[in-house]
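Colleague: next input, structure requested:
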Amino acid sequence: MDHKEEIIHVHIPESNAGPIPTGISPNIFEPQRSTEKRDSSNTDSVPPARPPAHAPEKKLTLFALRLAVLEKAATGLGTLGFIWATVVLLGGFAIAIETSDFWFITIILLIEGARIFSRSHELEWQHQVTWSIADVGITSFLALKSSSHFIVKAIRSIFRPIQAVSLTSQHSREITGSTRVKDNKNWHQNKMPSRIWTSSNVPLLPYAQWVFLSKNVSKILYWLQLTSATTCVVLSLMKLIKHDFGEASKDETDKTNRKSALYIFYALALAEASLFLLEKAYWEWKVIYHKILEEVNKEFQLGPSGIVSIRRFFYDAYSKCVFGSIFDGLRMDMISFAMELLASDSQDEQAIGTQVLRQLSINPQFSDDTLQKIGVTISVIERLVEMLNWKDPEEEEIRQSAAEILSKLAGKKQNSLRVAGIPGAMESISSLLQVNQSSGSAADEISEKQIVFDNKHYAFWTFNNLGLLILKKLARDHDNSGKIGNTRGLLPKIIDFTHAEERLLKDARATSSQILSVKRSLQVVKMLASTTGATGKQLRREISEVVFTISNIRDILRYGEKHPVLQKLGIEILTCLALDEDSTERIGETGGVLKELFNIFFKDGMPKNQDHVRIAAGEALGMLASESRRNCHRFFSLKVIDKLVEVLEVPLLQISAAKILRNFCTYGEVNCFRELRGIHAATPTVLRAILTQEGKLQEVMVGLAARVFKFMTSEESTTMFVRVGIQEEELARTLVHILKKYPCPPIKVPRIRRFVIELAIWMIKANKTNIRIFKELGMERELENVTESTSELESFNIFSGTVGLRRHSTAIHSLVETAMKLLADK
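Modeller: Next comes the predicted model:
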């Protein structure tokens, strides 16, 4: 890995859903009830009552409604005035009205007709303007209203040669597409060549192109409306103030109602134009001075480029209110608006939709409603999954937004099932993980793979982290884990990201994104390896068969001292893989793994907040030693027995050390009898723990005692009891008390009754006087109770969920029968 390469990263926050579920019990030697939850965030519990969702877009829909009321009122009055003029005035008084009135009426009708026409098409042009994100700095409302600059520039452009205009407009050909936004503060877009026109940049005429660009037509129409309305007001006021409608004589009965008809027309024209100007004034007041669009954008936290999305939403709402019912726009909301844009064929609209949904899904105020609406709309999920395959650099921002939305969506169980249920979803997620593989490798070698870093053209590392984050959340579900394992080539890809070189782990300047990718890949592998049932067994086999899995973890254990979280994840993966016998052997055969685990387990001086790493190492060693004679022999070669005896005194490590020593005694007794006698030194600690402790520690110490005493003669054991100051009767009383305490197999300590019976059998065989002691204490009655209450729970050494693995070689019924026979001897 080249750490010197300049890398640009987008911050991807860690999930706050809580600890990563393992799929197995916290202690692998204990069964896990099926009713226990893997992750509280994954459950479909009834959510608590929430206050009404905050919806800033309501301000826009209400604003659009009020504008539409004024617009429709003005249009209604204008229609009425038009009918009145054509039917009453020009139809009934065409030759009776004064010449000035005829021309005033004609001018008002013409300019009002032009205004109505331009009004009906203004929104269409404004929509065209908002389709392009690149226009965010050009078509702001301030630009729409900058009259002096616009008029001057329009006049100049009429006489400007086409060649000069083409230099600034780049031949007005669209060479733009959506390019990624580097961060929220840098929202200017780089133009990339495209084979289609952008509607806002289409030159409608070959000359004076700047004026007749479609994105500028809306400005022309805007000023045309203001001019016509103002002219209408002036002309109407002039006639109403002057009252020069002409006087009709008594003989001219055809002119009797002329004055009243003209009053009505000019009043209607004045009212209609005044309402329109009032609408525009209200528009200016809210948009320019109150900055309602910027205010809503700020509440949504969409960033500088979000103003395009807000403007587009407002125009859509306003259009619905104007062209349909005035209440149609009230039914719009920002989430549904963004989801509709995803289905568009326009790249800019897709970018707007994904950006809005991304920001809403990561905003705590809106994330619940957003994810809920997306989660119940399968077509939207399918579209987002499809976008993960878009690898064109122009579509990078869309792809990144889609990945971030899916990473949030997968945080809930039902949504994660829906995402994984989309055909091809796992393959699409796999496409986010960019690993280059050299081609042409021979059959007797493995092709070299290399993780792709960011470059100036594409943020590969960001997509790697997003892909791993999605997989981590999907893997919380058992069925999804199976789908991940069944996806061709996905598991090796994930394991490739667990590779961390020495310089990366030791370099304090290593980028956080690189460490994050290692962490997330380890989390995914751990969750897959901890899957229960037949699916979990298959996944553990496939994970261990990848030749880099164990060696990658070994490097993390060896060089990852500065990254205890990575070490713990690697150790937990080894613990899960050790559930499989073949995987246990592979781990033991990989050089240095056992040594590094012991180094971590025995390491003194570690900070208290890293104690969990030592505990995890002990748990892994206990699993690797369980029913594995080869690994026990490898442990002996590391000469760790004396140190294990020492750490029996350390409360933090007592349980793990006792498990390892018990496995030593169980599976290493044939060839290592002399070495195992060194465990005798642990006997005082073991006996005191049996008499004074409870729960898990008492269980493992009873089990260890049952094995350690087998390496002692009766004389040695008697001497040991005397030296420790404990009488055998006291120990026997404790064992009987344990059987009374647990009349049924306990879940937390499922082997304690078995270990008690094993230790009692040894005591009877070592000293016949113990028969009388046990009888007096009621041992026979307790053994009969064990016979009546035993279950499969006591038949296994380890568990995967509620499934027992590695059945004990001797059934507990056989142990009870042996003990009863010994007690029956005189």
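Colleague: so which residues of the stretch 351-500 of the chain form helices?
Modeller: In the stretch 351-500 of the chain, the helices defined using DSSP state H, counting those that start in this stretch lie at 367-375, 378-387, 396-409, 413-421, 425-430, 460-474, 478-486, 490-496.
Colleague: next helix or strand past the lowest-mean-pLDDT helix or strand in the chain?
Modeller: None of the helices or strands of the chain scores lower by mean pLDDT, DSSP states H and E than helix 162-169, at a mean of 36. The first helix or strand that comes after helix 162-169 along the chain, using DSSP states H and E, is helix 214-242.
Colleague: after that following helix, heading C-terminal, what element do we hit next?
Modeller: With elements assigned by DSSP H and E, the helix or strand that comes after helix 214-242 is helix 258-284.
Colleague: check which helices and strands that following helix is in contact with.
Modeller: Applying 3 or more C-beta pairs under 8 Å, 6 or more residues apart in numbering; DSSP states H and E, one finds that helix 258-284 makes contact with helix 57-83, helix 99-130, helix 214-242. Every residue, glycine included, has its C-beta placed from N, CA and C.
Colleague: which parts of the shortest one are buried?
Modeller: Neighbour-count burial for helix 57-83, with 16 or more other C-beta atoms under 10 Å as criterion, is recorded at 57, 59-61, 63-65, 67-68, 70-71, 73-75, 77-78, 81-82.
Colleague: mind checking how far that helix is from the chain centre?
Modeller: Mean C-alpha position of helix 57-83 versus that of the full chain (C-alpha atoms, centre = their mean, to the nearest Å) differs by 43 Å.
Colleague: report the angle between the axes of it and helix 258-284?
Modeller: Counting by axes from the mean of the first three to the mean of the last three C-alpha atoms, to 10 degrees, helix 57-83 points 160 degrees away from the direction of helix 258-284.
Colleague: can you count the residues close to the nearest residue to Gly375 once chain neighbours are set aside?
Modeller: Spatially, and ignoring its direct neighbours in sequence, Gly375 is nearest to Asn415 (4.2 Å; C-beta to C-beta, 6 or more residues apart in numbering). By other C-beta atoms under 10 Å, the residues close to Asn415 number 21.
Colleague: next one: the one 10 residues further on
Modeller: Using other C-beta under 10 Å, Ala425 has 24 neighbouring residues.
Colleague: so what's it closest to, chain neighbours aside?
Modeller: Leaving out its chain neighbours, the residue that sits closest to Ala425 by C-beta to C-beta, 6+ apart is Val385, at 5.0 Å.
Colleague: now do the same for the one you found: its pLDDT.
Modeller: In this model, Val385 is scored at 93, pLDDT.
Colleague: what does the one 3 residues further on give?
Modeller: Reported pLDDT at Leu388 in the predicted model: 92.
Colleague: and for His457?
Modeller: What the model reports as pLDDT for His457 is 57.
Colleague: now do Gly440
Modeller: 47.
Colleague: and the helices and strands packed on helix 258-284, which one's lowest on average pLDDT?
Modeller: Lowest mean pLDDT within the helices and strands packed on helix 258-284: helix 99-130, a mean of 66.
Colleague: show me the contacts for the most centrally placed residue in the chain.
Modeller: The centroid of the chain falls nearest to Ser407 when counting by C-alpha atoms, centre = their mean (2.6 Å). Ser407 makes contact with Ile12, Leu466, Leu469, Ile470, Lys473, according to C-beta atoms under 8 Å, 6 or more residues apart in numbering.
Colleague: wait, what's in contact with the residue nearest to Gly375?
Modeller: Going by C-beta under 8 Å, 6+ apart, Asn415 touches Leu371, Ile374, Gly375, Leu409.
Colleague: closest to Ile600 out of the helices of the stretch 351-500 of the chain?
Modeller: Among the helices of the stretch 351-500 of the chain, helix 490-496 comes nearest to Ile600, with 21.7 Å by C-beta to C-beta.
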